[in-house]
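Colleague: quick one, what's the 3D model for this:
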Amino acid sequence: MIDKVFLDTNILVYLFDKSEKEKQTKVKKLVANHLPHTRMFVSIQVINEFINVTGKKITAPISPVQQKEIIEFIDDIFIITPLVLNTTLSALEISQKYKLSFWDSLIISSALENKCSILYSEDMQNGFNIFNKIRIVNPFLTV
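Modeller: The predicted structure follows:
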């Protein structure tokens, strides 16, 4: 069976943020290690947040032209999932049950919809398990 993993926005940003060399190297290695045998997912929410962050919140912002090229590259490597009403309804349930922000819960909901077993995130609690179906992993804390 092919593994399925989901990347949070911050992990995707580090893949292209040249000012965070150490984290960029770790994320590149993480993606390379998963490529041969794993389906990797991001949601359209992650893509939109990526555009916002890389366009103005990193040390060396990425131009809209470069962002478009990067998004096209991401589309070749990752499965980009849509947000639908059920994603939102599930996110509300996750947010209430686990006391998480709605936006984090929306990412978790997307990952669950796609039957991912791991959600890579720097911002969420490492090792946290949601519904005994998905585990949050901070790739910067693991070996």
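
Colleague: going by C-alpha atoms from here, please, whenever you check contacts or count neighbours.
Modeller: OK.

Colleague: how far away is the residue lying closest to Leu92 once chain neighbours are set aside from Lys18?
Modeller: Excluding its sequence neighbours, the residue lying closest to Leu92 (Cα to Cα, 6 or more residues apart in numbering) is Phe102, at 6.6 Å. According to Cα to Cα, to the nearest Å, Phe102 and Lys18 sit 29 Å apart.

Colleague: do Trp103 as well
Modeller: Trp103 sits at a distance of 26 Å from Lys18 (criterion: Cα to Cα).

Colleague: right, and Val137 touches Asp123 too?
Modeller: No. Val137 lies out of contact with Asp123 (Cα atoms under 8 Å); the separation is 9.7 Å.

Colleague: those two: who's more crowded?
Modeller: Val137 (21 against 14; other Cα atoms under 10 Å).

Colleague: now do the same contact list for that one.
Modeller: With contacts defined as Cα atoms under 8 Å, 6 or more residues apart in numbering, Val137 is in contact with Ile118, Leu119, Tyr120, Ser121, Glu122, Gln125, Asn126, Gly127, Phe128.

Colleague: the fourth one: neighbour count?
Modeller: Translated: Ser121. 21.

Colleague: equivalent analysis for the first one, please.
Modeller: Applying the criterion other Cα under 10 Å, we find 22 residues in the vicinity of Ile118.

Colleague: that one touches Arg135, doesn't it?
Modeller: Yes. Between Ile118 and Arg135 there is a contact under Cα under 8 Å: 5.0 Å.

Colleague: thanks a lot, see you next time.
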